[in-house]
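Asker: Output the structure for:
(one chain, ligands or ions: 2)
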Amino acid sequence: MNDYEQNYEDFISTVSHELRTPLTSIRGFSQTMLASWDKLDDDSKKKFLKIIEEQSNRLIKLVENMLSITKLHSVNENFIYKETDIKPVINTVVSIVKSQYKDKIFDIDIKRDTPTILVDRDRFQQIMTNLIENAAKYSDENSTVYITSGFCNNCEFVSIKVTDTGLGICESDYEKIFEKFSRIDNPLTRKVQGSGLGLYITKSLTEKMGGKISVKSEGNKTTFEVQFPVCNIEVQARSKCRR
Ligand SMILES: Nc1ncnc2c1ncn2[C@@H]1O[C@H](COP(=O)(O)OP(=O)(O)O)[C@@H](O)[C@H]1O
Ligand SMILES: [Mg+2]
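Answerer: Numbering: from 1, shown residues only. Ligands and ions are numbered 1, 2, ... in the order given. Sure thing, here's the model as predicted:
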């Protein structure tokens, strides 16, 4: 078996496993409800339905992520590059994530003179969603997620940092977390659901658009940084640019 075939087999077996876990649970709880409807009290019925709903959401997210991956590998994937102001996109993402993680505070500090960047807006929004969602998902209860912007590399890139306070990530896992289906085994990750595809997609999309992504975790603070090329118009106006 060559490397491609081996990778393909590994991929299929991981995907099958990822699909089977939620499906088994959906089937099990539906069967229990159908078989014992009259014996179950309302609280139990509600609890079982909640699990069925959560597991269905997990399957939908997984399928969406898988579709993103297939698109990443397709030659015809077309990116529509547009001059983009990062602030409204980040505000939109934060308002969506906020509705799912109500205990978290989101502190957004985007400098007023941040240059526009040249990206595919939908993909940029997907990248920011993955990072901000992870920060909310893997951080301590009632903690704050910070989103800041800056310029770097002689103002040719806009940097966006997403920082959270949680368990942190060991340096030895910095590379691993960007791999397909990889999740770090710790009490927090075990508590929340995920497929381990988000950062793989995020890194691929960022790099395809000429950007960079990195992570740094010190103590219980974790910062993911993405950098995107500024729009040409802005590069020409470099004199205006401050660090
Ligand atoms: N902000 C973060 N703080 C701590 N760990 C993180 C953070 N973001 C990601 N991780 C770790 O990296 C893993 C991979 O992330 P991701 O690819 O988004 O997958 P998922 O969120 O579906 O598990 C997560 O399972 C988690 O263990
Ligand atoms: Mg994720």
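
Asker: number of nearby residues for the residue of the chain at minimum distance from ligand 2?
Answerer: Nearest residue of the chain to ligand 2: Gly198, at 3.1 Å (C-beta to the ion). No exception for glycine: its C-beta is placed from N, CA and C like everyone else's. Residues near Gly198, counting by other C-beta atoms under 10 Å, number 23.

Asker: Identify each buried residue in the helix ranked longest in the chain, please.
Answerer: When the chain is scanned for its longest helix (criterion: DSSP state H), the result is helix 3-36. Within helix 3-36, the residues scored as buried using 16 or more other C-beta atoms under 10 Å are Val15, Glu18, Leu19, Pro22, Ser25, Ile26, Phe29.

Asker: Pull the distance from it to the chain's centre.
Answerer: When distances are taken as C-alpha atoms, centre = their mean, to the nearest Å, helix 3-36 is centred 22 Å away from the chain's centroid.

Asker: Summarise which helices and strands that helix is packed against.
Answerer: Contacts defined by 3 or more C-beta pairs under 8 Å, 6 or more residues apart in numbering; DSSP states H and E place helix 3-36 against helix 42-73.

Asker: Indicate each strand paired with the helix or strand that comes right after the helix it packs on and its parallel or antiparallel sense.
Answerer: Next along the chain after helix 42-73, taking DSSP states H and E as the criterion, comes strand 81-84. Its sheet considered, strand 81-84 pairs with strand 117-120 (antiparallel) by DSSP bridges.

Asker: which ones are touching the nearest residue to Ser56 once chain neighbours are set aside?
Answerer: Distance criterion C-beta to C-beta, 6 or more residues apart in numbering; nearest residue to Ser56, sequence neighbours excluded, is Ile26 at 6.5 Å. Contact analysis of Ile26 by C-beta atoms under 8 Å, 6 or more residues apart in numbering lists Ile52, Gln55, Ser56, Leu59.

Asker: can you pick the most crowded of those residues?
Answerer: Gln55 (20 neighbours).

Asker: what's the pLDDT at Arg238?
Answerer: Per-residue pLDDT puts Arg238 at 53.

Asker: Could you do Leu49 as well?
Answerer: 97.
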